[in-house]
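Enquirer: here is my input; please provide its structure:
(chains A, B, C and D)
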Number of protein chains: 4
Amino acid sequence: MYPDERRILLTPGPVVFSIDNLRYMLSTVYEHTSIDFAEIYGRAIKKFRSIIGANGNFPVFMFSGSGTLAMEASLINILKPGSRVLVVSHGFFGDRWAEIARVNGYDVKVLYSDVGDIVDLGFIAEELSKGGYDALLVTHVETSTGVRADVRSLASIASKYNTLIFVDGVSSVAAEPLDCSRWGVDVLVTTSQKALETPPGVSIVALCTSRAVKALEANNGNVRSFYMRLSDWRKVMEAYEDGRISYHATPPTHLIVALERALTRILEEGLEARFKRHYILAKALREGIRALGLEVVAKREEIASNTVTAVYTPQGVDPIELRRRLARGNIIIALPLHPALRGKSFRIGHMGSVNHNDIVAVVALLERTLASMGVKIELGSGLRAVQQILLTENL
Amino acid sequence: MYPDERRILLTPGPVVFSIDNLRYMLSTVYEHTSIDFAEIYGRAIKKFRSIIGANGNFPVFMFSGSGTLAMEASLINILKPGSRVLVVSHGFFGDRWAEIARVNGYDVKVLYSDVGDIVDLGFIAEELSKGGYDALLVTHVETSTGVRADVRSLASIASKYNTLIFVDGVSSVAAEPLDCSRWGVDVLVTTSQKALETPPGVSIVALCTSRAVKALEANNGNVRSFYMRLSDWRKVMEAYEDGRISYHATPPTHLIVALERALTRILEEGLEARFKRHYILAKALREGIRALGLEVVAKREEIASNTVTAVYTPQGVDPIELRRRLARGNIIIALPLHPALRGKSFRIGHMGSVNHNDIVAVVALLERTLASMGVKIELGSGLRAVQQILLTENL
Amino acid sequence: MYPDERRILLTPGPVVFSIDNLRYMLSTVYEHTSIDFAEIYGRAIKKFRSIIGANGNFPVFMFSGSGTLAMEASLINILKPGSRVLVVSHGFFGDRWAEIARVNGYDVKVLYSDVGDIVDLGFIAEELSKGGYDALLVTHVETSTGVRADVRSLASIASKYNTLIFVDGVSSVAAEPLDCSRWGVDVLVTTSQKALETPPGVSIVALCTSRAVKALEANNGNVRSFYMRLSDWRKVMEAYEDGRISYHATPPTHLIVALERALTRILEEGLEARFKRHYILAKALREGIRALGLEVVAKREEIASNTVTAVYTPQGVDPIELRRRLARGNIIIALPLHPALRGKSFRIGHMGSVNHNDIVAVVALLERTLASMGVKIELGSGLRAVQQILLTENL
Amino acid sequence: MYPDERRILLTPGPVVFSIDNLRYMLSTVYEHTSIDFAEIYGRAIKKFRSIIGANGNFPVFMFSGSGTLAMEASLINILKPGSRVLVVSHGFFGDRWAEIARVNGYDVKVLYSDVGDIVDLGFIAEELSKGGYDALLVTHVETSTGVRADVRSLASIASKYNTLIFVDGVSSVAAEPLDCSRWGVDVLVTTSQKALETPPGVSIVALCTSRAVKALEANNGNVRSFYMRLSDWRKVMEAYEDGRISYHATPPTHLIVALERALTRILEEGLEARFKRHYILAKALREGIRALGLEVVAKREEIASNTVTAVYTPQGVDPIELRRRLARGNIIIALPLHPALRGKSFRIGHMGSVNHNDIVAVVALLERTLASMGVKIELGSGLRAVQQILLTENL
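Expert: This next block holds a predicted model:
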């Protein structure tokens, strides 16, 4: 067993969070067919809706799986066979949208951005204006590069061209502003282990518009998967929300219990405060990194996400060695995922219950580690930049 | 929050187990891309193989999902489109095999048993002998009726007719004797929350013959799901088993950690001892129930499972009311799932770390509860029968 | 590490309780000088008072230690040097009162009961009537024999003769009716690990009458211990109760947090219901034991406690071997403590969150174990007696 | 409930440690009369001895209580009534030695240091040379000022004058070099919640010389406390160490289990590495604080402890307000205890599993907080000093 709870996880996968969320997982008495459990499940659904801004009682699905399964389930249940989809890809997870769509037989066109950039909105609008697209698939925060798509504008454009928009909110939900129903995000998918501060294992799909619900209903007969059939899950989820029990496949009881507590704590913090905290910390981190002479992958501040920062390694620094040294210093960062960034960058996740102490610690450790690897670093220079932001922003 | 850890869960879904398995879930530092985690994952795979009797290095898959997802993933990865499958159904979960196969476009024929009985082996052999069946799908222990299929003989028959056999071991693995490679079980699927004594959320698929591996490889191009594509998962699982990291979709880290500990404890008990314990307790329970004048759904002792017992309620006793009263007495049993048993039966699960104290307690509580509901019961009569078995068997 | 949480602890020391009480001990952030902690501490004090029936704001002390330390601290703080004390001893813990008093220099007279009996009230009154006794020391439930003193009557007698009464409530608080202020119990001592369902490590002393408070104040200058000086602790405890912080010696923060939760759950159950539950279970256990032909040490039903039952082993049965065999069956009982009972009896504790399932289980295991040791036992006979009580009493 | 496990506890009372130590406290099956528990207890004793450098099988006592109780128990068991003791007091806890000795009737002389300084060794030697002192009492690390006594030299001097030396190692054991038997420390007392990384509630007394054992034996008849009588506890502790059970008063089972794990982890780190880590971090902290223009209470580097740093607040800064603001920033520091430092200083604890990330975080937060309170601070200046030490020392 390897836990050393004093480690600071700053990967963009599992993220830093408090052990408080997990306390009630330590129980052997949860059973998915009890009223007690149904009530917890139902509260989780309601709280999740308020976090993403889903109005009314639009269906929310939570079942055993990962974010990837949520993406796949959302597509095959809502898009009829042969649909044409436009994927806006800013990196690895944009490409994943495309691959999932292709594997499932859809007609896929992809618009690629440069690494660290996003696809121009006008360009997307132009492509959609050509007509014939049933869906627009986009990644809110591209975990491989740390850029954030302008989901609000994309939803508006999609709506104009009568195209359903699917948003992968895996690295954004509960950390980046998101107001699904008002913005017109039709389908949102996410998972538990990012800013929702819960262990991995919950696929989450939310429909946030009537249009999406109608599409789901219209496509019911076409779904060629038993497990992923959302029309079956819908009855189950509605039962849970009413405090009744139902069954399609066994839900991940313990993770749902942990998720419900995490959602409660998120709402206690308050969404505004939470988004602002993520924003300031991300900005402080980027300024600290730049003050050290390093380059952030995200090309412009306004597209840099609040949750993940990819950074180019200085000349002569091997990311694998850098990660290993930081790990010895009890801070865990991530290696690159994007093919174009392999061997020359690293990634820092900063979502969940991340706070200023973590940002200060990681910049301090970066300073010393890079210095020890022969990079010319003025000790304290990155930290000074971090401190200035934090002091100014009063965090 | 509703935990009262003194409750005894005797449902056949989540089962009675020790909180010791869960201790290490209370950690916020697991990350799926760490060597530490990879090593735990790798050990879980190896230990699982030894529990089911999978020789060599046949692929074992563990990912986020349920038993149902494991069933579906096994079919679509191994059986080429249009395959003909013969389903042996002894109830609800046999029917589920058939439904999953149909939804995925296979040509399905089902042999049904009477409720509480199993399909005659000769009858199955005869059907297979007609030729043309690519696969035989069977449920080891049918959770809805408590009967156990003769998997060893079925595997032998399937082999004779050159048909792949898929076994749903959800309610049997680690509680009923099973020796996959030797018996010739090609594909075994199961999940975490039954006799593996771990919270729900892990889909497990194991290939146990070269034949199955070849079929997987041959069918690679046909799999129309990204998440479930076992050829991709295979590389990931092999990496984990070698203590390296890899990625297809995020695994349920915390559940894997819990599962690894549960598997360790299972092997410490010893499989022989464990199977025998389950056998004696199941027998004692059935004798206790019969001594109270109740009828067990499983029609014969030799097909009654060691893990689940379905029982007909006495005249005038509503199962829902019975369950509620037992729950007040801190023992949780399950309602019927099988359509033919609704309203007239209940189910007791007895797998995992169940022991004689649980069996004595449930029979005692049944005696008193039925008596309080007006059933003519001689107090102590069920218990005496239980005691005699336990004393004789020296448990 | 040896936990197997499926064991049933029926010792009279640590007792059976739910792991729910412990969840919040798993934290590294408690500090005794925080307001948050002070508030938890304060609530624990208030809840404890309501459990023992201490009116008003009489001082309650909780600090690191055991029940024995609580006994010693209560004596030396309240009784001036050279005081004459009368000890009513029903066994090992009565003798401990006497020994503590002697070590601390008091003039001690002991009235002994026969084993399994209590000292006659008239006899005690007669002794007190001779005059000159400053204090009467008594054990509410004598853990070594399972008998219960008539504390209410003893308090009344003590009051009549103007003698302070000190009650050792270690094995009675929260399980046996007790109404300290109304009954006139001056000083009550207890500890955390019995019916208060918390790990050991908290000494608890409560003053429940003005008389006791005055005695404490009058004796302040005589206390020759720094750690145990209750006048210092008093300021600290009052601060905690007001939600302020203070310091004399570091309190057992984690145990206090667990205790506060345990007290909350006890009050949620309701004292009346709780006392009744203990009463019925104790009675059922005794009837089950007698039906097996064994003899209970407590000589009469009206003095048999609701929390501990000492039982004579049948001819030829070694208690050590019996305990070992029961432990193999996952039920832990205790060996005798009383010198006169060594080698010929055993003890069963039944307090805390004990329920009917535990009583049924232990009688069942006793039946089989004794039978396997050659005792003539009619299987089911003990259980039938248990069942009859439980059914009649509707538990 | 108030846990937010992301808080960093830098108080000198409870200290920063990993939740890993606590995992096994979550169990309801520990019983002090089981062999399993006795073995854990025995291992804890052996490991503790190797941490403090106690040779052979000198008695070690661990029972429910605090550090203060350990101090008191050590005195009254080893020093015969009327003994003359010389107390070397560097602050609050030195004074506590004196007060405990006085309350227990010893003839006490105190040598006081200036605040932030230690008493001159020559001066102590001179006092002892006058003769007639039975014991020298000293605090290894004075938690109220952060100074460290030269225990090695003091032990040598005490030995020269044939005086027993008692060392309060509460804030030093497992963080400051200590080699009791070799140095000639006769009696060492400590407790669980400091660098031993366990919740509070365990009094620990260790005799480390034959001289101390003889004194204990010679004084046996004089001990006027039942609970604290070490001759009784000695049999119990020896039994535990042999894996047998015994009883004097109930030990704090759960805390002992946690302590045993903490001791194991401490030895895994290695004492040399551990002492060095504490040294570097303490030095880095002091340099950071001085670079901010603040003054450390300890007057010289060579007497500044590795575990606690007291700091004078800048003009116009209220320590209470400073603590509150730091707490809002998720770092908890302590207020002054020493009367002469009230209102004008604060204290930072840095022992246990403290690491460089904590030191960086606290200096960063101090910088910003003091700046926000109007103190003239050059942002980054304290951090630069910290970084330089950490880089140079390669931590």
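Enquirer: domains of chain A?
Expert: Annotated domains of chain A cover A:19-269, A:270-393 [automatic domain parsing].
Enquirer: give me the number of residues near residue A:193?
Expert: Using other Cβ atoms under 10 Å in any protein chain shown, residue A:193 has 29 other residues around it. The C-beta positions use only the backbone N, C-alpha and C, and glycine is treated the same way.
Enquirer: just to revisit the earlier point, need the domains of chain A in a markdown table (columns: distance to residue D:62 and mean pLDDT).
Expert: Shown next, in a markdown table, are the domains of chain A (distance: least, Cβ to Cβ, whole Å; pLDDT from 0 to 100):
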| stretch | distance to residue D:62 | mean pLDDT |
| --- | --- | --- |
| domain A:19-269 | 27 | 97 |
| domain A:270-393 | 30 | 97 |
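Enquirer: do you know which of those domains lies nearest chain B?
Expert: For chain B, the closest of the domains of chain A is domain A:19-269, at 3.5 Å, according to Cβ to the nearest Cβ.
Enquirer: how far is that closest one from where the chain is centred?
Expert: A distance of 10 Å separates the centroid of the chain from that of domain A:19-269, by Cα atoms, centre = their mean, to the nearest Å.
Enquirer: do you know which of the domains of chain A lies nearest chain D?
Expert: That would be domain A:270-393 among the domains of chain A, by Cβ to the nearest Cβ, at 3.0 Å.
Enquirer: so which of the domains of chain A comes closest to chain C?
Expert: Closest among the domains of chain A, using Cβ to the nearest Cβ: domain A:19-269, at 5.2 Å.
Enquirer: span of that closest one from start to end?
Expert: Distance between the boundary residues of domain A:19-269 (Cα to Cα, to the nearest Å) amounts to 16 Å.
Enquirer: can you map out the strands along chain A?
Expert: A:8-9, A:60-64, A:84-89, A:107-112, A:135-139, A:141-142, A:147-148, A:164-168, A:187-191, A:202-207, A:295-296, A:308-312, A:331-332, A:345-349 (DSSP state E).
Enquirer: so can I have a markdown table of those strands showing distance to residue B:141?
Expert: Converted to a markdown table, the strands of chain A look like this (distance: least, Cβ to Cβ, whole Å):
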| stretch | distance to residue B:141 |
| --- | --- |
| strand A:8-9 | 40 |
| strand A:60-64 | 21 |
| strand A:84-89 | 43 |
| strand A:107-112 | 43 |
| strand A:135-139 | 42 |
| strand A:141-142 | 45 |
| strand A:147-148 | 50 |
| strand A:164-168 | 39 |
| strand A:187-191 | 32 |
| strand A:202-207 | 28 |
| strand A:295-296 | 56 |
| strand A:308-312 | 45 |
| strand A:331-332 | 42 |
| strand A:345-349 | 43 |
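Enquirer: quick check, residue A:213 in contact with residue A:58.
Expert: Yes: counting by Cβ atoms under 8 Å, residue A:213 does reach residue A:58; the two are 6.6 Å apart.
Enquirer: dump the residue contacts of residue A:89.
Expert: A:95, A:97, A:98, A:110, A:111, A:112, A:113, A:119, A:139 (Cβ atoms under 8 Å, 6 or more residues apart in numbering or on different chains).
Enquirer: scan those and report the most crowded one.
Expert: residue A:139 (31 neighbours).
Enquirer: and among the strands of chain A, the most buried is which?
Expert: Neighbour counts averaged per stretch over the strands of chain A are highest for strand A:141-142, at a mean of 32; criterion: mean count of other Cβ atoms under 10 Å in any protein chain shown.
Enquirer: how about that one, does it reach chain B?
Expert: No: using Cβ under 8 Å from any Cβ of the partner chain, strand A:141-142 stays clear of chain B, with a minimum separation of 15.7 Å.
Enquirer: ditto for stretch A:6-21
Expert: Yes: applying Cβ under 8 Å from any Cβ, one finds stretch A:6-21 in contact with chain B at A:7, A:9, A:11, A:13, A:14, A:16, A:17, A:18, A:19.
Enquirer: I'd say residue A:47 and residue A:262 touch.
Expert: No: with contact defined as Cβ under 8 Å, residue A:47 does not reach residue A:262; the gap is 9.3 Å.
Enquirer: out of those two, which sits in the more crowded spot?
Expert: Counted by other Cβ under 10 Å, residue A:47 and residue A:262 do not tie: residue A:262 has more neighbours, with 27 against 17.
Enquirer: how far away is that one from residue A:20?
Expert: For residue A:262, the distance to residue A:20 equals 9 Å [Cβ to Cβ, to the nearest Å].
Enquirer: likewise for residue A:161?
Expert: 45 Å.
Enquirer: compare the two (neighbour count), which wins?
Expert: Using other Cβ under 10 Å, the more surrounded residue of residue A:161 and residue A:20 is residue A:20, with 24 against 17.
Enquirer: distance-wise, check the more buried one relative to residue C:3.
Expert: To residue C:3, residue A:20 is 23 Å away according to Cβ to Cβ.
Enquirer: same question, residue A:153
Expert: As for residue A:153, its distance to residue C:3 is 56 Å (criterion: Cβ to Cβ).
Enquirer: before we move on, what about residue A:358?
Expert: For residue A:358, the distance to residue C:3 - Cβ to Cβ - is 34 Å.
Enquirer: these two: who's more crowded?
Expert: More crowded of residue A:358 and residue C:3, by other Cβ under 10 Å: residue A:358, with 24 against 18.
Enquirer: and the pLDDT at the residue nearest to that one when sequence neighbours are not counted?
Expert: Using Cβ to Cβ, 6 or more residues apart in numbering or on different chains and skipping residues adjacent in sequence, the residue nearest residue A:358 is residue A:8, 5.5 Å away. With respect to pLDDT, residue A:8 scores 96.
Enquirer: residue contacts, residue A:8?
Expert: Counting by Cβ under 8 Å, 6+ apart, residue A:8 has contacts A:16, A:330, A:331, A:332, A:358, A:361, A:362, D:357.
Enquirer: arrange these in a markdown table, one row each, with distance to residue A:286 as further columns.
Expert: Putting these into a markdown table (distance: Cβ to Cβ, whole Å) gives the following:
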| residue | distance to residue A:286 |
| --- | --- |
| A:16 | 18 |
| A:330 | 22 |
| A:331 | 17 |
| A:332 | 19 |
| A:358 | 14 |
| A:361 | 16 |
| A:362 | 12 |
| D:357 | 20 |
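Enquirer: ok, residue A:291 touching residue A:379?
Expert: No: look at residue A:291 against residue A:379 with Cβ under 8 Å: they stay out of range, at 11.7 Å.
Enquirer: overlap of the contact sets of residue A:213 and residue A:58?
Expert: Joint contacts of residue A:213 and residue A:58 (Cβ under 8 Å, 6+ apart) are residue A:207.
Enquirer: in chain A, which residue is most central in space?
Expert: By Cα atoms, centre = their mean, chain A has its centre lying nearest to residue A:171, at 1.6 Å.
Enquirer: spit out the contact partners of it.
Expert: Contacts of residue A:171 (Cβ under 8 Å, 6+ apart): A:12, A:140, A:141, A:142, A:143, A:194, A:195, A:305, A:307, A:308, A:351.
Enquirer: at 6 Å what do you get?
Expert: For residue A:171, the contacting residues are A:141, A:143, A:194, A:307, A:308, by Cβ atoms under 6 Å, 6 or more residues apart in numbering or on different chains.
Enquirer: the third one: neighbour count?
Expert: Using other Cβ under 10 Å as the criterion, residue A:194 is surrounded by 30 other residues.
Enquirer: name the nearest residue to it, sequence neighbours excluded.
Expert: Using Cβ to Cβ, 6+ apart, the nearest residue to residue A:194 is residue A:171, at 5.4 Å.
Enquirer: buried ones in stretch A:325-336?
Expert: Of all the residues in stretch A:325-336, those buried under the rule 16 or more other Cβ atoms under 10 Å in any protein chain shown are A:325, A:326, A:329, A:330, A:331, A:332, A:333, A:334, A:335, A:336.
Enquirer: the residues you listed in helices, which ones?
Expert: Counting by DSSP state H, the part of those found in helices is A:325, A:326.
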